[in-house]
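Visitor: Take this sequence and fold it.
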Amino acid sequence: MKDRVESRAQDDRFRNASDYVRHPIRKDQERQAAIAAFQRKTTAGVESGAPREFDDATVKARMREPGGNR
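Guide: Next comes the predicted model:
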């Protein structure tokens, strides 16, 4: 395994074996943060109350107004 890590660390993407080993850990941390953010937004949506009627014509009209890209 050590030989594999050292050979992969020779790639241009990594400065050394330690960087190669840390890479999947960083990716996992980023993934966990994205999942947590998604869960927070989902919870906020569920807790925001009953769904309201969606009128796409009204939304499109608002977006056409100056500064309407809200």
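Visitor: Tell me which residues are up against stretch 21-37.
Guide: By Cβ atoms under 8 Å, 6 or more residues apart in numbering, the list of residues contacting stretch 21-37 from outside reads Val5, Arg13, Phe14. Every C-beta, even on glycine, is put in place using the N, C-alpha and C of the backbone.
Visitor: number of nearby residues for His23?
Guide: Here the count is done by other Cβ atoms under 10 Å, and His23 has 14 residues near it.
Visitor: element containing it, please.
Guide: Using DSSP states H and E, His23 falls within helix 17-47.
Visitor: Quick check: next helix or strand after that helix?
Guide: Next along from helix 17-47, by DSSP H and E: helix 56-64.
Visitor: Counting by contacts, list what that next one packs against.
Guide: Judged by 3 or more Cβ pairs under 8 Å, 6 or more residues apart in numbering; DSSP states H and E, helix 56-64 has no packing partners among the helices and strands.
Visitor: Give the buried residues for it.
Guide: Counting neighbours by 16 or more other Cβ atoms under 10 Å, one finds that helix 56-64 has no buried residues.
Visitor: Might you calculate how far it sits from the centre of the chain?
Guide: 28 Å (Cα atoms, centre = their mean, to the nearest Å).
Visitor: Kind regards, and thank you for your time.
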